[in-house]
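Peer 1: okay, sequence plus prediction incoming.
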Amino acid sequence: MKKSIGLIEFKSIAKGIEATDEMIKSANVELVLSTPICPGKYISLISGDVGAVKNAIEVGKNVGSSFTVEYHVISNISEAVFPALTATGEIEKISSLGIIETISAITSIVVGDMALKAANVQLLEIRLARGLGGKGFVLITGEVAAVKQAIKACENNLEDSGGIISAVSIASPNKELISKIM
């Protein structure tokens, strides 16, 4: 069982790969994602027990040194976040759609977990940074009121940081639209 997730972003691809290698050698963690992102940055996501993830992120920060841009550890993360990172979750019905656009990939994962914990919604996808200029976005579904409640909770929690660029909810989205954006 994955209990936490660690995210770290580097401003050097070479240093990001080196730091990620050291991170996964240093602790009992699973590498979820490790990839270049726009514009010339590198991001790695790991999962595991909280202590192991915190240890690995510390190693990544030290190896990445001045090339480390941002890092975050989310404890007690919802299991539903993991399939959303690869858009492999199974959703039977999309009665409404919530779209939350974030300033960074890391913020997208934080928002996805936060939305799940704030209201009775399901994560469709957490899209990270690739082709998005380093930004990310989260797609959620559920009853209209629940989607609006989740969006409001995310906006309220991240208001001071400016982590959310824009958020909207769409009641009864067109099926053709859904097939094109997923």
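Peer 2: That came through, no problem. Numbering: from 1, shown residues only.

Peer 1: okay, CA-based contacts and neighbour counts for the rest of this
Peer 2: Will do.

Peer 1: elements contacting the worst-scoring helix or strand of the chain on mean pLDDT?
Peer 2: Least confident helix or strand, the chain: helix 175-181 with a mean of 87, by mean pLDDT, DSSP states H and E. With contacts taken as 3 or more CA pairs under 8 Å, 6 or more residues apart in numbering; DSSP states H and E, helix 175-181 sits against no other helix or strand.

Peer 1: any chance you could map the strands in this structure?
Peer 2: Secondary structure of the chain (DSSP state E): strands located at 4-10, 30-37, 41-48, 68-75, 96-102, 122-128, 136-141, 164-171.

Peer 1: any chance of those strands in TSV with mean pLDDT, distance to residue 62 and mean neighbour count as columns?
Peer 2: TSV is the format used below for the strands of the chain (pLDDT from 0 to 100; distance: least, CA to CA, whole Å; neighbours: other CA atoms under 10 Å):
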stretch	mean pLDDT	distance to residue 62	mean neighbour count
strand 4-10	93	12	26
strand 30-37	92	18	17
strand 41-48	93	15	25
strand 68-75	92	8	18
strand 96-102	96	27	23
strand 122-128	92	24	25
strand 136-141	94	26	25
strand 164-171	96	28	16
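
Peer 1: quick one: those strands as JSON lines, columns for distance to residue 158 too.
Peer 2: Below are those laid out as JSON lines (distance: least, CA to CA, whole Å):
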{"stretch": "strand 4-10", "distance to residue 158": "18"}
{"stretch": "strand 30-37", "distance to residue 158": "23"}
{"stretch": "strand 41-48", "distance to residue 158": "21"}
{"stretch": "strand 68-75", "distance to residue 158": "14"}
{"stretch": "strand 96-102", "distance to residue 158": "10"}
{"stretch": "strand 122-128", "distance to residue 158": "17"}
{"stretch": "strand 136-141", "distance to residue 158": "14"}
{"stretch": "strand 164-171", "distance to residue 158": "7"}
